[in-house]
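> Next come a sequence and a model predicted from it.
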Amino acid sequence: MTYAWPDAYQKARMAGNILRQRLDRLGLKFDALHVEYVGANACHGEFLSGEPSPDLAEVTLRVGVRGGDAAAVERFYARACAVGAEWSAGSGVSLQRQAEGGRDCGLLARADSKDGSNAERYHHAGLTMARRIKLLEIAHARSGDKGDCANIGLIARKPEYYPILTEQVTAERVKEHFRELCRGRVERFELPNLHALNFLLYEALDGGGTVSLRTDAQGKTLSAALLRMEVEI
């Protein structure tokens, strides 16, 4: 399961802990269970690697089990999928298994800020100086796939933030933001009743989920990637 910025490592650890607890409650036993956080400390371990940066782009939670009970292994995989599915949006989760067959569907993980936005604190303090902040501070997002087209919904955290989104998060800026991933055009749709914008990124998924070779074949982490964009308040 791959978790994207922000707080990718913290989310991966939480998901790993939840999975362990559920396996214990189900009474599933294996000869071995191994947990790694690829991109944070998988090779050198937590002690030598130190505390991972909260600004890591992504961390993959890799959980492996070994045992002779095939039914228990299948139940383990089902629990792993459920842990990913129960997280809400923002940071993509991509689930893969070592078995015959294709890629599993992407899931979602939580990416809401824990302590409110800096933008809110600026306004509460009565500051009027223009500041550049990441969209994460004033918006949240959802994303997914429609074939080779990625869909990203951007929602203002407060109605008063919506004009900032409409004025500064243009289709052109989104295209430039995703220039490495999006080969086609970008369309923007305004949803003022929801204080939201919806973006369609064409040719953005390397052919789509069934043929794509990318880790995030369904574009689930693109919402978190968009929240890295900076705006002025």
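Cool, got the structure.
> okay, now the domains of the chain?
Listed by automatic domain parsing, the domain ranges of the chain are 2-110, 118-232.
> between those domains, which gets the lowest average pLDDT?
Across these, domain 2-110 has the smallest mean pLDDT, namely a mean of 75.
> Pipe the domains of the chain into CSV and attach mean neighbour count per row.
The way it works is simple: take the backbone N, C-alpha and C, and place the C-beta from them, glycine included. Formatted as CSV, the domains of the chain follow (neighbours: other C-beta atoms under 10 Å):
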stretch, mean neighbour count
domain 2-110, 17
domain 118-232, 17
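> Quick one: list the elements packing against the longest helix seen in the chain.
Using DSSP state H to assign secondary structure, the helix with the most residues in the chain is helix 8-26. Contacts defined by 3 or more C-beta pairs under 8 Å, 6 or more residues apart in numbering; DSSP states H and E place helix 8-26 against strand 2-4, strand 32-38, strand 58-66, helix 70-85, strand 90-94, strand 106-110.
> Note down every partner strand of the first one and its orientation.
Read that as strand 2-4. Note on strand 2-4: by DSSP bridges, its sheet partners are strand 58-66 (antiparallel).
> Give me the angle between the partner strand and helix 70-85.
In terms of direction (axes from the mean of the first three to the mean of the last three C-alpha atoms, to 10 degrees), strand 58-66 departs from helix 70-85 by 160 degrees.
> Would you mind giving the helices and strands packed on helix 8-26 as a markdown table with distance to residue 192 added?
Shown next, in a markdown table, are these (distance: least, C-beta to C-beta, whole Å):
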| stretch | distance to residue 192 |
| --- | --- |
| strand 2-4 | 28 |
| strand 32-38 | 41 |
| strand 58-66 | 33 |
| helix 70-85 | 31 |
| strand 90-94 | 22 |
| strand 106-110 | 25 |
